[in-house]
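Visitor: build me a model:
(2 chains)
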Amino acid sequence: MLWRRKQAGEELDAELAFHLEQQIAENRAAGMDEREAREAALRLFGNPAALRDQVRDTWTWSAWEEFWRDVRQSLRALRRTPGFAVVSILVLALGIGANVALFALVRGVLLKPYPFPEANRLVRIYEADAQGRFQDNVVAGGDFADWKAQAKSFSGLAAKKPVRYGLSGTQGQLPEVVDAQQASWNLFPLLGVKPAVGRLFTASDDRRDAEATVILTWGLWKRRFGGNPAVIGSTVLLEARPYTVIGVLPAWFTYPNPQTQLWTAIYHERSPEVMSLHDAHNLNVVGRLFPSATLGQAQSEIAGIQAGIRRQYPAGAVMDSANIRPLVDSETHTVKVGLYTLFAATGCLLLIACLNIANLLVARAATRQKEAAIRAALGGSRWRLVRGQLIESLLLAVAGGALGLILAWAALKWLAMARPDVPRLETVHLDAWAWLFALGAVAVCGGMAGLIAASSSGDARILETLQESARSQGGSRGKVRLRRVLLALEVGLTVVLLIGAGLLLETYQHLRSIPLGYDANRLLTMTIRLPRGSYHDASSIVNFDDALLMRVRQLPGVRGAGLTNTLPGHGRDEDDDYVVKEHPPLPQGQTLDSSTIFVDPGYFAAMKIPLLQGEIFSDANRLDHANDILISQQLARDVFPNEDPIGKHIVTPYVFGADRPMRIVGVVGDIYLSPIEPLYPAIYYPLLSGDQRDASLVVRTAGDPAMLATSVEKAVSGIDRSLPVADVLTMDQVLDGALSEQSLNTLLLSGFGALSLLLAAVGLFGVLSYVVAQRTTEIGIRMALGAQRGQLVRQFLADGLRPAIWGLILGLAASAGVTQLMSTMLYGTRPLEPGVYLLVALGLIAVAAGACLAPAWRASQLDPIEALRRE
Amino acid sequence: MGKPSDLVQGTLDLLILRTLAIEARHGWAIAKRIQQISGEVLQVQQGSLYPALHRLEQQGWITANWAESETGRRAKFYELTAAGREQLEKETEIWKRLSGAINLVVQEG
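Guide: Numbers count the residues shown, from 1 in each chain, chains lettered A, B, ... in the order given. Got it, this is the predicted structure:
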């Protein structure tokens, strides 16, 4: 109705004018002359302006009108102090933006179920150890088969395993290595997925003797096959062997991750023997619970079955328990603590921003106190004054929120690039919930800041306020107290953020400074896989390896090169049980295991891993003559504490078979396979034995390793043009990738901490400046009476620092509790690291003192004559 | 007799609705009609009349149309809506009960 306002006003005027004319006409009919008639009518009519207002008040839009008037007034007030407005909006935008982004992340990654029908009944099942040493272990094929046969809580159990395939170019495309999954045929029906094109696996595809079949993901189908439906029924080459394409998955299907390009049938890909072992752990098991079954029941049922399997196989690496996680939790529990920590930190930041804005508004309210008092004296309602404050802060919050949404959008875009390791990131959007959350944040921020400010401005002692203006030195004690409390809270929150950031920084530094056991500088890495089709026997693999190493070592600028199946940086790849032939049998139920690493003899020199004892196995350890191994220092210390390991024999049934003891010829230094995992014993086997198709090439260079990438890749394609080379990275990049979660969390939390410190400093500076301005006269009098300048500086400094000290105490106490929650994120430090607390305390005091020094100094520099004249 | 502004607010609404029950009228005519019928006892002043009219219009009990008046000038005519007619019945009922009760107390008490 608002737009009809003008017309309605004109109509009202016409209506009233008509009434007046009628009255005049009547008066004239009664015998009055023209002038008399008009005057009498007007007298009877009363005040037309007042009448108009009274009528207008009955129009429903008058409340809107008042609201708009308030909004316009607030906009004018904000325009008068543009610096304040801009800073507030930016601070709020940062706070709200960070919160919205984190909210969207937490919701999308941790809370939102997968887009499968009745996804809340989907679970992941792991093997576990009753003593709690292993919690989320992958599952052995034999165990999976037994669970499937015996468990009653599930409407279905399916297995999958992440793998990589070399996908050959059939129509002139380049060969590439693709991430893929092998799955039992029932996985897709269990999840509730229908094919977009073609069909999915059936039980008859999922057998060792079936024809090889493959299902493409939507992404690969579009990218590599142009979305052509004719691809169904055609043949593609995986590992240089033919597979028939039977179907394409729908575009929305990105489980378990968007990198997955294709799916094959697991019982076709793996031998029945492997799929029935109880001690070769390699499957991810997904189950769908019956509606009647609870997680707890299913858990105890599977654990019971697994305990029975263990009784059946008391020796070897067979697990004796199991655990179950909801499907979402299973994919995301690794990033959970980090995300929640960041969310909490952004919450703190927003709270600090709100408090700071409340603080600034209180200061503004104080300068406009006389205006408020005059308005109150003239009959302005209290509610109207409060509403003014509220609207002002809400306007700031709305502007901040709008900008914040843009920031959040940009932050999510950036994060998708910076953190490819976060699972389910592809499902994170600024959806309706995120908008609602942003709206809520705006309302809470604006409301809170406005109400805090309003509560200080609306005291009813109008007369006192008006009188006070004559003698300003004693004024507004209550207001200053409120601001100090706000400041102490702000400083407290800042301290918590800074300590959190400090602990992460300490962790990160610790992780980056651990001696890794090898030299990570000037090291180029890449992975190569030899397809089974064209490298079908051991000698063809070894011939390739020999040729590759020889060519690469001859390249100018190369100082050394080696091959391994386990590139350091990614963590443990394969563990296996072993026994020492010369030792007595281990007690029942005990096993020894170690990382299984294959390397060529030149690897240790290339990586600069020191030989501590004995010698490196010779080049003659190839093919059937591979008989020697090396052990890591940790293994030597643990297993051969008081004897010489050299010359002893180790038997690893799952590597070289139970009948092939391997002779230990040397001990090499320990290396960290991942910078965030503890050291683990390792056994190094000769790679030139020839059964490792996947290998990582490491190249030690004289200069910048990235510069040599092209010539090394050329050396590879010089041997076999069809070979795909992947993950061409310097070791520094590999390590950065391994630490990306730590480094990003540290960076963000430090950023938030620094920002809140800045806000707290601005707050302290503002309050003390205000106090000094308020007490100018008092200072003048005291100086006139002989007070020393130094004394004044000290006094004001102490005055300003008091809230900072209270906040510091508060924050230190709170941190001691809060940081316990992030203990799983800390390495090489602990939640109560005294160094961090001390550093934060000192740093905060220094910043606070810095912020207070300027106003305190200004107070001491006042000219007493000037100060007194100000009255 | 007191001024009409002393009238209970609901009473003025009732009077206006009753006046409009017969035919559509403009503000001036409503005031005149109330004055005539009440034997010049009730004089409705503009300060009460127009806010009341606009309020009743907002509530949907009457609607307004611009039409030619008896003098040939354009004036704003108000008429009852269906909801207004119901409201009139309701308020008349309440008024009868109330005034009857007051009468009883004044006469018998």
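
Visitor: tell me the centre residue of chain A?
Guide: residue A:339 (4.5 Å; C-alpha atoms, centre = their mean).

Visitor: I'd assumed it was in a helix, is it?
Guide: Yes - counting by DSSP: H, G, I helix; E, B strand; the rest coil, one finds residue A:339 located in a helix.

Visitor: isn't it up against residue A:101?
Guide: No - Residue A:339 lies out of contact with residue A:101 (C-beta atoms under 8 Å); the separation is 10.9 Å. Yep, even glycine has a C-beta here, placed from its N, CA and C like the rest.

Visitor: nearest spatial neighbour of residue A:96, skipping sequence neighbours?
Guide: residue A:404 (3.3 Å; C-beta to C-beta, 6 or more residues apart in numbering or on different chains).

Visitor: what is the burial count for that neighbour?
Guide: Other residues near residue A:404 number 29, with proximity taken as other C-beta atoms under 10 Å in any protein chain shown.

Visitor: same check, this time on residue A:168
Guide: For residue A:168, using other C-beta under 10 Å, the count is 22.

Visitor: with residue A:344 instead?
Guide: For residue A:344, using other C-beta under 10 Å, the count is 18.

Visitor: ok, it - contacts?
Guide: By C-beta atoms under 8 Å, 6 or more residues apart in numbering or on different chains, residue A:344 lies in contact with residue A:818.

Visitor: buried set for stretch A:433-446?
Guide: By 16 or more other C-beta atoms under 10 Å in any protein chain shown, the buried positions in stretch A:433-446 come out as A:434, A:437-438, A:441-442, A:445-446.

Visitor: and the strands in chain B?
Guide: Taking DSSP state E as the test, the strands found in chain B are B:25-26, B:62-68, B:74-80.

Visitor: tell me the pLDDT of the residue nearest to residue A:96.
Guide: You'll see residue A:404 listed with a pLDDT of 93.

Visitor: which SS state does it fall under?
Guide: Going by three-state DSSP: residue A:404 is helix.

Visitor: which of the buried residues of stretch A:433-446 sits closest to residue A:537?
Guide: residue A:434 (56.1 Å; C-beta to C-beta).

Visitor: okay, the strands of chain B, which one's buried deepest?
Guide: Highest mean neighbour count among these (mean count of other C-beta atoms under 10 Å in any protein chain shown): strand B:25-26, with a mean of 22.

Visitor: interface residues of chain B facing chain A?
Guide: Counting by C-beta under 8 Å from any C-beta of the partner chain, the residues of chain B close to chain A are B:26-28, B:45-47, B:50-51, B:54-55, B:58, B:66, B:69, B:71, B:73-76.

Visitor: any stretches of chain B with poor pLDDT?
Guide: B:1-10, B:109 (pLDDT under 70).

Visitor: mind redoing it with 50?
Guide: Along chain B, segments meeting pLDDT under 50 span B:1-6.

Visitor: the helices in it, which residues?
Guide: B:9-20, B:27-37, B:46-59, B:82-108 (DSSP state H).

Visitor: so which of those helices is nearest residue A:850?
Guide: So among these, helix B:46-59 is nearest, using C-beta to C-beta, at 60.8 Å.

Visitor: what packs against the closest one?
Guide: If you count contacts as 3 or more C-beta pairs under 8 Å, 6 or more residues apart in numbering or on different chains; DSSP states H and E, helix B:46-59 packs onto helix A:5-29, helix A:48-58, helix B:9-20, helix B:27-37, strand B:62-68, strand B:74-80.

Visitor: can you list the strands that the last one pairs with?
Guide: Okay, so that is strand B:74-80. strand B:25-26 (antiparallel), strand B:62-68 (antiparallel) (DSSP bridges).

Visitor: bridge partners for residue A:162, pull those for me.
Guide: Counting by DSSP bridges, residue A:162 forms beta bridges with residue A:181.

Visitor: and it, how far from residue A:75?
Guide: 57 Å (C-beta to C-beta, to the nearest Å).

Visitor: quick one: the residue positioned nearest the centre of chain B from residue A:8, how far?
Guide: Chain B has residue B:16 as the residue nearest its centroid, 1.2 Å off, counting by C-alpha atoms, centre = their mean. To residue A:8, residue B:16 is 20 Å away according to C-beta to C-beta.

Visitor: kindly report the same for residue A:796.
Guide: For residue A:796, the distance to residue A:8 - C-beta to C-beta - is 59 Å.

Visitor: looking at these two, which has the bigger crowd around it?
Guide: Neighbours were counted for residue A:796 and for residue A:8 using other C-beta under 10 Å; residue A:796 has more, 23 against 15.
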